[in-house]
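In: got a sequence here, can you build the structure:
(4 chains, ligands or ions: 2)
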Amino acid sequence: MDDFYRENILDHYRNPRNKGRLENPTHTHEELNPLCGDVIRIDLHVNDEGVIDQVRFDGKGCAISQASASMLTEMIQGKTLDEAKQLSKEDILEALGIEIGPVRLKCALLSLKVLKAGIYGLPNWTGEDEDDW
Amino acid sequence: MDDFYRENILDHYRNPRNKGRLENPTHTHEELNPLCGDVIRIDLHVNDEGVIDQVRFDGKGCAISQASASMLTEMIQGKTLDEAKQLSKEDILEALGIEIGPVRLKCALLSLKVLKAGIYGLPNWTGEDEDDW
Amino acid sequence: MFDVDTIRQDFPILNQKVNGKPLVYLDSGASSQKPSSVVQAMDECYRTYYANVHRGIYQFSEKASAAYEGARKKVARFINAKSWREVIFTRNATESINLVAYAWGRHNVKAGDTILITEMEHHANMVPWQQLAAETGARVAYIPVDGRGYCDMAAFDRMINDSVRLVAVTQMSNVLGTVTPVGEIAAKAHAVGALVLVDGAQAVPHMPTDVQAFDVDFLAFSGHKMLGPTGIGVLYGKREILQEMPPFLTGGDMIRQVTFEGAEWNDLPWKFEAGTPAIVEAIGLGAAVDYLNRLGMHQVRKHEIELTAYAFDQLGQVEGIRIYGPPDPTARGGAVAFTLGDIHPHDLATILDREGIAIRAGHHCAMPLHQKLGLTATARASFYIYNRPSDIDRLVEALDKARELFSI
Amino acid sequence: MFDVDTIRQDFPILNQKVNGKPLVYLDSGASSQKPSSVVQAMDECYRTYYANVHRGIYQFSEKASAAYEGARKKVARFINAKSWREVIFTRNATESINLVAYAWGRHNVKAGDTILITEMEHHANMVPWQQLAAETGARVAYIPVDGRGYCDMAAFDRMINDSVRLVAVTQMSNVLGTVTPVGEIAAKAHAVGALVLVDGAQAVPHMPTDVQAFDVDFLAFSGHKMLGPTGIGVLYGKREILQEMPPFLTGGDMIRQVTFEGAEWNDLPWKFEAGTPAIVEAIGLGAAVDYLNRLGMHQVRKHEIELTAYAFDQLGQVEGIRIYGPPDPTARGGAVAFTLGDIHPHDLATILDREGIAIRAGHHCAMPLHQKLGLTATARASFYIYNRPSDIDRLVEALDKARELFSI
Ligand SMILES: Cc1ncc(COP(=O)(O)O)c(C=O)c1O
Ligand SMILES: Cc1ncc(COP(=O)(O)O)c(C=O)c1O
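Out: Ligands and ions are numbered 1, 2, ... in the order given. Next up is the predicted model:
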């Protein structure tokens, strides 16, 4: 076998970090991957200092979407909302550490889309396509 | 030049036989060639013996459609309606005496279509396509 | 006669490596590959006699017109239509169905009417009817699929009544593979005065089709799933019905006469073909029909029954696999949907791709069916004339690797 | 840079004899020939990486998807759209216009509203509006064409008022050649709150197009007239407007989610692309755009102005000829309609065909314009990048023969 499904990815998939829901989120949003019907929901709690002190993701999906969501929660936990907004497609891909085709890219970026589209109020952010020309 | 526009055709085109209208036709019908908007109308008078004793065609069109209409009137004049009904695509083509492509065929058969569709009451007779398979 | 190795010589695309492994193409249900003769027929047109059709009074145009209309006649014969005038070229099966929903549906379906479809329809044969219902106040009712994946004919018998205007049903499910009894459905629908539209997108490429024997009113299918090019589809409709329908798209070619005040429509089938048609694609589809005729559709069906039987045998031995749809290979087509343990079908497809094996994963444009099955997605392997038992062996090997990787 | 002899090497089809005479192809207004690179781009797809797009998780499908979406981006840049999401692939210009008539028109045009079009529209940009008017109780009003073939802008100024919902106008007449001032028309239409649809079927292949500079709301055109394959057309629409429109055709690919109760639509542009699209045709169109970009659209336009000027010069000397449309070659495109004495255009086309010259004869899908001109048909020669002055010389010679034969 090759190294597409790296240890790292399978570990996050089998043992997702921050999985579940928050009781009192300050931000919550979910998005669907129309390709397959997978759904990811993210709950955030931002404290008075503007810092994301709690984060949970929920949903069902493939190893790529689940692992990247799990990684994403680790990346934004403890950041300010503004810092978290800087998160880019490249950051996610770097965390996954694999080359990814255009279709599975939608899986990889689904959780980022939840953040951008819902929580940051960018409803038209589509994950990856917009600036690509 | 070649022999597509034979003497015969140009003669019928320049000097059409039986051109005009009848005062008291027993049958009258017109059809349009949707390809170009050309129209041909045929008036018949059938006498008590069932014989076509008068025939006129009217309309504007190309040399092929005009010449074939002119020839057609000569072919049916003096025939019974039943005899005239036997007239086929092949009869017209033989009279024209040329090889004709599928598009101009519509011009060549427009007057026959007027007869078949209107005067013989075969509204769905389309000239040439139907049986061709 | 039917020899896969010989057939494969006509499909050089299959003779490639993907990710270093010999390609195994198992996604013909989504779209088939094309034999060289189809690509050549199109090339020949572009390189030697291309022109717009119908109105051109010069050699290329006359030749192109004859080829285009000749393709229509080939298709008409292929499905045993009574007349070539009953064959309308569209872009794909989806457009064919929408044509009926707009041009027939908007004028014949009213509030209170029922449109009967099955639970296993492709979105193409579901959403247009949902839209029609939403606009007219009619309702869509769903013929259930039973536990084994068959169309529940007892339920159909209860549901068919004179409120039903149309029964729109797939002839072969693109997920479960199920072949439906369209002849029986048509007879019962006609008995209550309903029309029948058959979605033949999956069936027409894979088994003999006879619209007169089935006595269906409309049949929709796509060229690209039956060895033909993209950009061309077919709507068959009974002549009397098409004749009564108003046009769908309007513009050039579909008119007899236009004035500033309005227009008169052209004869069938051109009344439904507005604008410059997919000329070269129709010619390509004609060549595809020639190819299938040379093989013989009964032989094609036989080959796929054999492959499907082998697939059930071999896949059935993979631990953790679950296969959907009827297990009887004579009651189904060669589209085999499955899941493997809790491995997401997307992951499965990626793993298989890295082994050179092309399958499809997702909802296959049948979300409601997946919802009913309690799934968001399945993996699907689908077969065609160029597939061999060894392709299935390769699939099974790769599934075993996936099980290892995901430790199931 | 722009060298016709070099260009002609890319069009081997032109290097043939017809009826024993070297072919002169003067019917690009109906459909253009295709350079080898376009046919090759399509062949390459079919022979090396063909698969259905969007949902396939394997290499061919990913490559085909990238090529298909890449073609969209090429087209978007070619017309200077703000976003590739504003480019919808259809079958042809006719379908593009119908899409607007159905999905925008049925929801935005009411009884008493006006749709303003010109007298010289192609049926494709006339009949859909007549149908919309008939269904909604709106009316179609016709901007007159003046004696020289120009759009009567003074009349337009009088006709444009706030009952007008849409101005639908050709950018270049396929009969008169007239180029219309679409920028000015758009500004005045927007001033009264009307939208503007431009029929670019004849213009986009032949001159630079900038939808942002023109500020048009919709632009429709066909691939087959601009070196691309049949079976593919384009609808450009402003994003905000497309976003608000309901879908037209429904089915797979254009949905985000379907349940038994209904559906949610996909993002732009896919919301308007139901079913398997014309994948390979889009790729071919992308290659055609590449070809045109290499030549440069300003150069293409310049070449055609020169040819048209030469055609007016030479044809003008043929006794008995009457040429229609503006004589100023910078105010018109290279579609030149004419009549010769009382020779019927059909006869003319046949005579020319026998000399190896392909022109078009008929009403060119503009019957109302011909009615206004008092004609049933005209002959039309139309030029493109591969035509040369000597083609026009051959045309003139053959017209002289026709005059002899018909003794005029
Ligand atoms: C001005 C104009 N509009 C629209 C069309 C229709 O194009 P298509 O037949 O490709 O849909 C044409 C082509 O004949 C045209 O010349
Ligand atoms: C059963 C069925 N119906 C309809 C379609 C739609 O076909 P197309 O996308 O070619 O319009 C498909 C193809 O996926 C299908 O499998």
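
In: tell me where chain A has helices.
Out: Ranges of helices within chain A are A:7-14, A:63-76, A:81-85, A:89-96, A:102-108, A:110-113, based on DSSP state H.

In: which one of those helices lies closest to chain C?
Out: Between chain C and these, the tightest spacing by CB to the nearest CB is seen for helix A:63-76, at 4.8 Å. For the C-beta atoms, the positions are set from N, CA and C on the backbone; glycine is no exception.

In: that closest one packs against which elements?
Out: Using 3 or more CB pairs under 8 Å, 6 or more residues apart in numbering or on different chains; DSSP states H and E as the contact test, the elements touching helix A:63-76 are helix A:7-14, strand A:38-46, strand A:52-60, helix A:89-96, helix A:102-108, helix A:110-113, helix C:345-354.

In: picking that back up, for ligand 1, find the nearest of the helices of chain A.
Out: Ligand 1 lies closest, by CB to the nearest ligand atom, to one member of these: helix A:102-108, at 30.7 Å.

In: please name every helix or strand in contact with the closest one.
Out: For helix A:102-108, the packing partners by 3+ CB pairs under 8 Å, 6+ apart come out as helix A:63-76, helix A:89-96, helix C:345-354, helix D:59-78.

In: please redo it, this time with the cut-off set to 10 Å
Out: strand A:38-46, helix A:63-76, helix A:89-96, helix C:345-354, helix D:59-78 (3 or more CB pairs under 10 Å, 6 or more residues apart in numbering or on different chains; DSSP states H and E).

In: just the CA coordinates for the longest one, please, in CSV.
Out: Output of helix D:59-78 as CSV, limited to C-alpha atoms (Å, rounded to 0.1, in the frame of the first residue of the first chain):
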residue,chain,number,x,y,z
GLN,D,59,-7.7,9.7,-11.9
PHE,D,60,-9.6,9.8,-15.2
SER,D,61,-12.6,11.4,-13.6
GLU,D,62,-10.4,13.9,-11.8
LYS,D,63,-8.5,14.7,-15.0
ALA,D,64,-11.7,15.0,-17.0
SER,D,65,-13.3,17.2,-14.4
ALA,D,66,-10.3,19.5,-14.3
ALA,D,67,-10.3,19.7,-18.1
TYR,D,68,-14.1,20.4,-18.2
GLU,D,69,-13.9,23.1,-15.5
GLY,D,70,-10.7,24.4,-17.0
ALA,D,71,-12.6,25.0,-20.3
ARG,D,72,-15.2,27.0,-18.4
LYS,D,73,-12.5,29.2,-17.1
LYS,D,74,-11.0,29.7,-20.5
VAL,D,75,-14.4,30.8,-21.8
ALA,D,76,-15.0,33.0,-18.9
ARG,D,77,-11.7,34.8,-19.5
PHE,D,78,-12.4,35.0,-23.2
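
In: quick one, it and helix C:345-354 angle?
Out: Here helix D:59-78 runs at 100 degrees with respect to helix C:345-354, directions being taken by axes from the mean of the first three to the mean of the last three CA atoms, to 10 degrees.

In: worst-scoring helix or strand of chain C, pLDDT-wise?
Out: For chain C, scoring each helix and strand by mean pLDDT, DSSP states H and E identifies strand C:255-258 as the least confident one, at a mean of 90.

In: chain center to the worst-scoring helix or strand of chain A on mean pLDDT, what's the gap?
Out: Among the helical and strand segments of chain A, the one scoring lowest on mean pLDDT, DSSP H and E is helix A:102-108, with a mean of 86. On the basis of CA atoms, centre = their mean, to the nearest Å, the separation between the geometric centre of helix A:102-108 and that of its chain is 12 Å.

In: with adjacent residues omitted, what lies nearest to the residue most central in space within chain A?
Out: The residue lying closest to the centre of chain A (CA atoms, centre = their mean) is A:Ser111, at 2.6 Å. Spatial nearest neighbour of A:Ser111, chain neighbours left out: A:Ala69 (3.7 Å); criterion: CB to CB, 6 or more residues apart in numbering or on different chains.
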